[in-house]
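Asks: can't give you the sequence, but here's the structure:
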């Protein structure tokens, strides 16, 4: 495993770290993740195609990275102290287990290994909380943490769709209401009322028509400014994108499982070879023959080869796990961003709903005002004058008949 | 025909008028009608049973009337100058016709008789404008002026009923709207939305329920405070009362027609008797016999009797016309009052309608406020924190596998 050097430029200048010392590695890891890789992901997300996960970190002069060599492969490595024993010899010594592999993913045991800082402390970021697989209540199957995030997305999409449906129902109610009000406003009822009262009554009907128009306008605006945006926000592509994320992460998990199987196989092969070497060494101690010494040399060579094999398999496993880790962080941050956008989008359009409701009430108020005005002007004396002028039969009073 | 004395008390003291002089009569008539009789009718109307026409004027100390003798019979008489000729002699002289009888009602001819002042000047009172019968467009039948007033009442009643129906339709629309809003508010759509956004969404639904309640309350109040008062104002008794007025006035018109027929008959009888007397007088000039002189005496007696008969018939006719006139004034003023009440009643309840509409808009406004509040509080970071706390699978990050 190579020793990596991270050179990067911060406000304080260029700093270099080597990764052979445990402390230094941890320090560089945290700094690398928080200051370089996560901002890099953000830049890729903001600048990149929506729904496309960013690629692995690349040299980003704008971000001040001078050189990053094979970083993904090491960013989650535990420290490897200098001068460590060869794999072949390691098996012989009693070594305290510090790690555990669950569903082909390797975690430090509690209290073991360097303390982990959250990638994004105090942010409750998706990228920090979904590393383990989730056991179902029966404990028979387990769901990758990433699937939990995907389900949240699907549920969010469903909620958004249901809100749109809800608004659609509201629109239908408003349309029906407006239709009924409008129809009533055209009713001939009491159309023959006369004078100032007749004017007020006519205005009352006209205002009902205006009221209907207000509700129709409300329903139209609800459609274009609330229902439609809620419905069309993240169209059919969204689920396709989620599927892509899903497959991508799942593929990496499958690859990880396959690499893990290779490690297990190589570990078993090494154990077999070491046992063979031990047997042959014991035989040598008893017989001490040339042929046996040749056998031991051969067995030792094979054991060394098996050790190299295991080392290569572990390296490949770690590379794949690193790749998966990287994609997990990148994609979960993308999902997190999508969720923020979804909430803000819904918030914005539900606010538009309340704005339209307020507007509707205001416009409705104004439809009543002319009725109030004309009702204030209702004057029975004036109405009598108008009616009498129109309908009088004669004002000459009768007089006594003469004889 | 007796000479009438009206003594009444005004702000200026007690005034007395005799009715033998034309000018004085007219003056007293106008004063009597405007200051005594019409206020008297008002008092009777205001204090009396609704729908019951007031009785004939009676002594009203409160109004300052000291004595009114047989006033109704004379209030529309033209002046009768003192020392007028007897009916028998009148027929012989050439007298310019100053009056015309139309449908058994006697009117002064235009420009003839004393100038008539309106009973209630500047008020466009029903009692001043419906004396003549109304000819239909074909001119074949005629409708009494009073019927025009009754039709106005019936139409008013119909308008009031139709307004009530209109409000009823509005109520049904509101109920339907409220029912639909309420139903939608209980919809499970997007009920699984979480966090602050979920709270805002739940409030949006709750507010929809409140909105439904506002409209239901509106419809209930419309029913009790607008529809019902408009519907029940002047119930079934109203049309019965109108029928009573109608029959009462129509009966008087029939009586007037009968009295008029009697007058015509008596006038013809007098003419016959006068012709007979003339013939007999001519015979006397030729024959000069005792028997003829006796015949002339007899004919003269019969002629005088016929003259007295006619005078009695005319007096009865005038009395009936006077009674009709009086009832016309009383009842048309009652109808006028009813119309004022109707208009004010409708005005009052349509104002209640607009008040309820305003209230509804105000209450509606207030239903949106809590949604606005919670939408303002929507916080994607907070929602993520809540969700991550609930659903996280594990924050321990994977590490490199050791060999």
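Replies: Happy to help now that I have it. Bear in mind that the values here come from a model prediction, so they are computed numbers and not experimental data. Numbers count the residues shown, from 1 in each chain, chains lettered A, B, ... in the order given.

Asks: what's the average pLDDT for the helix or strand harbouring residue A:106?
Replies: Per DSSP states H and E: residue A:106 is located in strand A:105-108. In this model, strand A:105-108 has a mean pLDDT of 95.

Asks: That one - contacts with which helices or strands?
Replies: strand A:99-102, helix A:290-376 (3 or more C-beta pairs under 8 Å, 6 or more residues apart in numbering or on different chains; DSSP states H and E). C-betas here are computed from N, CA, C, even on glycine.

Asks: So residue A:96: helix, strand or coil?
Replies: Assigned with DSSP: H, G, I helix; E, B strand; the rest coil, residue A:96 falls in the coil class.

Asks: what number of residues lie near it?
Replies: Residues lying near residue A:96 (other C-beta atoms under 10 Å in any protein chain shown) number 6.

Asks: Model confidence score at it, please.
Replies: Residue A:96 is assigned 71 on the pLDDT scale.

Asks: mind listing what it touches?
Replies: Residues near residue A:96 by C-beta atoms under 8 Å, 6 or more residues apart in numbering or on different chains: none.

Asks: Check the gap between it and chain B for me.
Replies: Distance, residue A:96 to chain B, by C-beta to the nearest C-beta, to the nearest Å: 11 Å.

Asks: how does chain A divide into domains?
Replies: A:1-84, A:87-394 (automatic domain parsing).

Asks: Tell me which of the ones you listed sits most buried.
Replies: domain A:87-394 (a mean of 18; mean count of other C-beta atoms under 10 Å in any protein chain shown).

Asks: in chain A, which residue is closest to the centre?
Replies: Central residue of chain A (C-alpha atoms, centre = their mean): residue A:335, 2.7 Å from the mean position.

Asks: my guess is it contacts residue A:147, does it?
Replies: No - using C-beta atoms under 8 Å, residue A:335 makes no contact with residue A:147, being 11.4 Å away.

Asks: re earlier: for the helices and strands packed on strand A:105-108, which one sits closest to chain B?
Replies: helix A:290-376 (4.2 Å; C-beta to the nearest C-beta).

Asks: what distance separates that closest one from the centre of its chain?
Replies: 5 Å (C-alpha atoms, centre = their mean, to the nearest Å).

Asks: That one - what's its average pLDDT?
Replies: Summarised as a single mean, pLDDT over helix A:290-376 is 94.

Asks: those helices in chain A, which residues are they?
Replies: Taking DSSP state H as the criterion, chain A contains helices spanning A:22-31, A:38-47, A:71-74, A:87-90, A:126-129, A:145-185, A:195-222, A:228-232, A:236-287, A:290-376, A:380-391.

Asks: Residue in the stretch 1-150 of chain A with the shortest distance to chain B?
Replies: Scanning the stretch 1-150 of chain A for proximity to chain B using C-beta to the nearest C-beta identifies residue A:132 as nearest, at 2.9 Å.

Asks: Switch the helices of chain A over to JSON lines; also include distance to residue B:373.
Replies: Listed next are the helices of chain A as JSON lines, based on distance: least, C-beta to C-beta, whole Å:
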{"stretch": "helix A:22-31", "distance to residue B:373": "40"}
{"stretch": "helix A:38-47", "distance to residue B:373": "32"}
{"stretch": "helix A:71-74", "distance to residue B:373": "46"}
{"stretch": "helix A:87-90", "distance to residue B:373": "64"}
{"stretch": "helix A:126-129", "distance to residue B:373": "29"}
{"stretch": "helix A:145-185", "distance to residue B:373": "19"}
{"stretch": "helix A:195-222", "distance to residue B:373": "21"}
{"stretch": "helix A:228-232", "distance to residue B:373": "21"}
{"stretch": "helix A:236-287", "distance to residue B:373": "31"}
{"stretch": "helix A:290-376", "distance to residue B:373": "10"}
{"stretch": "helix A:380-391", "distance to residue B:373": "48"}
